[in-house]
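> sequence first, predicted coordinates after that:
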Amino acid sequence: DTAVSQTPKYLVTQMGNDKSIKCEQNLGHDTMYWYKQDSKKFLKIMFSYNNKELIINETVPNRFSPKSPDKAHLNLHINSLELGDSAVYFCASSHGLQGRLDNEQFFGPGTRLTVL
Amino acid sequence: GESVGLHLPTLSVQEGDNSIINCAYSNSASDYFIWYKQESGKGPQFIIDIRSNMDKRQGQRVTVLLNKTVKHLSLQIAATQPGDSAVYFCAEITVRGAQKLVFGQGTRLTINP
């Protein structure tokens, strides 16, 4: 009964490859997010989608392309992977837009991406 | 020696003691603040929140204090338990403008038996 799930949990790949991370939420939320957490544990938002529409795009390289086939899914595709992309990527979801008060975000378990 | 910034700020407390984790936030226009707990290998988990028009809010064993004058937020955990060991993050939201959750630097809390 996982609320926000991500696959895979670990992803090890070579520079230059293209990879995808999948996220699904079964909470009936309208908004989903992708965050990146670096080696210093700094957590920063990358994207948010509300009802399948892009709301926030935080100056992320266009090698990163989120795709939301429906409200329950937000996948992250990364082209031409670079060493600096190594991080833990977290998906999250909430009922409404991020800026609303009392709008708790629920996070997935994370995907640790290692680029060699 | 170690360089500042390579490691998270760390707080070690004895089991059963109270702990206080501090956070300085950046945006005086932030409307809402949240504390998250992140255990090893897991995603952040909501602990407690506070609106900008409040200065204190209490939950179960946790209290958040907000000082808007100095833009400071603290999380107090009473009677710490081994399960409290985690990295704790404060986060702020501004409802107007960018409308995004901005996380502060985390603090690693270690509970000693």
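Nice, thanks for sending it over.
> the lowest-mean-pLDDT helix or strand in chain B pairs with which strands, parallel or anti?
Taking mean pLDDT, DSSP states H and E as the measure, the helix or strand of chain B with the lowest value is strand B:101-103, at a mean of 87. Within its sheet, strand B:101-103 is paired with strand B:86-93 (antiparallel), according to DSSP bridges.
> ok, and what's touching the strand it pairs with?
A:41, A:43, A:98-99, A:101, B:8, B:21, B:23, B:25-27, B:30-40, B:44, B:47, B:73, B:75, B:99-109 (C-beta atoms under 8 Å, 6 or more residues apart in numbering or on different chains). No exception for glycine: its C-beta is placed from N, CA and C like everyone else's.
> in that strand, which residues are buried?
Within strand B:86-93, the residues scored as buried using 16 or more other C-beta atoms under 10 Å in any protein chain shown are B:A86, B:V87, B:Y88, B:F89, B:C90, B:A91, B:E92, B:I93.
> stretch A:62-78 too?
Neighbour-count burial for stretch A:62-78, counted by 16+ other C-beta under 10 Å, picks out A:F64, A:P66, A:S68, A:K71, A:H73, A:L74, A:N75, A:L76, A:I78.
> what's across from the nearest residue to the second one once chain neighbours are set aside in the sheet?
It stands for A:P66. By the measure of C-beta to C-beta, 6 or more residues apart in numbering or on different chains, the closest residue to A:P66 outside its immediate chain neighbours is A:F47, 4.7 Å from it. A:F47 has these beta-bridge partners by DSSP bridges: A:W34, A:N57.
> pretty sure A:F47 contacts A:K36?
No - with contact defined as C-beta atoms under 8 Å, A:F47 does not reach A:K36; the gap is 10.0 Å.
> show me the strands in chain A, by range?
A:4-7, A:10-13, A:19-25, A:31-37, A:43-50, A:53-57, A:64-70, A:73-78, A:87-94, A:106-107, A:111-115 (DSSP state E).
> typo on my end, chain B
B:10-14, B:19-24, B:32-38, B:45-51, B:56-58, B:62-67, B:72-77, B:86-93, B:101-103, B:107-112.
> and the first one with strand B:86-93, angle?
This points to strand B:10-14. Going by axes from the mean of the first three to the mean of the last three C-alpha atoms, to 10 degrees, strand B:10-14 is angled at 130 degrees with respect to strand B:86-93.
> neighbouring contacts of strand B:10-14?
By C-beta under 8 Å, 6+ apart, strand B:10-14 touches B:S19, B:I21, B:T80, B:T107, B:R108, B:L109, B:T110, B:I111, B:N112.
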